[in-house]
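Chemist: Sequence first, then the predicted structure:
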Amino acid sequence: MHATRARAASTLALLLILAAVASSSTGAASGRLPGATAFKTCAAAGPYWPTMTLAVNGTTAWIACKERSLVLKVDTRTGRVVRTVRLGSPVIAVTTGLGSVWALEGVGTLVRIAPGSGRVRKRIELGSGAAYNVWIGAGSVWVVDDSAGVVLRIAPGPGRVTARIQVGDGPADLVFRGTTAWVVNHRDRGLVRLDTRTNRPTRVATLPGDAPERIAYLAGSLWVTGRGTDLLKVDPESGAVGQQVDIGASGIDVVAAGGALWVPSRSAAVDPTGFPTMEALRRVTPDGSMTTVARARGRLDVHGLASAGPSLWLADNTGGFLYRVPLRQR
């Protein structure tokens, strides 16, 4: 009897070890978003504002681990971290494009990283103490200076700032379409159109809401959300708001993917803080119809939002999770 129990205990222990090994090899974890696959990553949120800590390209995700001064390269098929890039100071945002990975350090340094080797190729001093996020568009890299109200345009080849464009108070997000970019300001609520051929800005409108912070383009319209702001459908030329979609108290971010808009929304209690703590993930079609995809179970902060292939990806740098959500909902 004792031998049988010992063998059973030994078998159970072996099964638990094998299960743990299998789990760690895939990076799978138990997360807080029903219907999503969760991978364990870095919990290093630092200040809670929702910068863009996630970029996805094909089967690779890059995650900025803010306070740990790291950029992680993650295989999105398994959730396994395949490379770790250590930088010199906290890194608040990351994007990919123009053959490189671009990471923004909070001290105002833009770092160019080789995507294959993870080696730092160039460090570009921006001369800005309030650099906020980083984008790729119109053959350039773009960074905003939140306090100066300036959009910086960086030539990727020489790695130098070629333009400092005054756009208003509190530039927070950009979206590109052809030779045009639109900027949304979270303090003066301005919508600004940039001609990327001349770098000339034109203020188009003052948007409603408390602090419009995020912008996307879908089906011929701009879509804007942010703290104290519903999802706004905006005419790109006139800036007129054609529709306001009630997504909850406010939207943390917005991305266009799979023919729809995906918006992680805050609760009324969280909205005044500006923290990126998500109440629910919403899906909105171009005609303004909204469905709730999932509600968070426990605290889930959205610091990064991106789409690639058939999936939507959310990075929570507070809980330390990367979530994969299927774009095609049942």
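Modeler: That came through fine.

Chemist: Point out where the protein drops to low pLDDT.
Modeler: Segments of the chain classed as low confidence (criterion: pLDDT under 70) are 1-29, 47-48, 50, 330.

Chemist: Would you map the helices across it?
Modeler: Using DSSP state H, the helices of the chain run over residues 2-26.

Chemist: buried residues in stretch 218-229?
Modeler: Buried residues in stretch 218-229, counted by 16 or more other CB atoms under 10 Å: 218, 221-229. C-beta coordinates here come from the backbone N, C-alpha and C atoms, glycine included.

Chemist: Can you pick out the most distant pair from the residues you listed?
Modeler: Farthest apart among those by CB to CB are 218 and 228. That separation is 22.3 Å.

Chemist: if we can go back for a sec, pick the one among the buried residues of stretch 218-229 closest to residue 170.
Modeler: Closest approach between the buried residues of stretch 218-229 and residue 170, by CB to CB: residue 226, at 10.5 Å.

Chemist: roughly how far apart are the closest one and residue 61?
Modeler: 25 Å (CB to CB, to the nearest Å).

Chemist: can you check residue 139 too?
Modeler: Counting by CB to CB, the gap from residue 139 to residue 61 is 24 Å.

Chemist: neighbour-wise, which of those two wins?
Modeler: residue 61 (27 against 12; other CB atoms under 10 Å).

Chemist: Any idea what the more buried one is bridged to?
Modeler: Counting by DSSP bridges, residue 61 forms beta bridges with residue 56, residue 74.

Chemist: Let me see the contact set for it.
Modeler: 54-55, 73-74, 76, 306, 313, 322 (CB atoms under 8 Å, 6 or more residues apart in numbering).

Chemist: could the residues you listed go into TSV alongside neighbour count and distance to residue 184?
Modeler: Shown next, in TSV, are these (neighbours: other CB atoms under 10 Å; distance: CB to CB, whole Å):
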residue	neighbour count	distance to residue 184
54	25	20
55	26	20
73	19	30
74	25	29
76	21	29
306	22	18
313	24	22
322	28	26
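
Chemist: Out of those residues, the closest to residue 271 would be?
Modeler: residue 54 (22.3 Å).

Chemist: got CSV for the buried residues of stretch 218-229, with distance to residue 296 too?
Modeler: Listed next are these as CSV, based on distance: CB to CB, whole Å:
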residue, distance to residue 296
218, 24
221, 28
222, 27
223, 22
224, 23
225, 17
226, 19
227, 18
228, 20
229, 20
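
Chemist: List just the nearest of the residues you listed to residue 156.
Modeler: residue 222 (25.9 Å).
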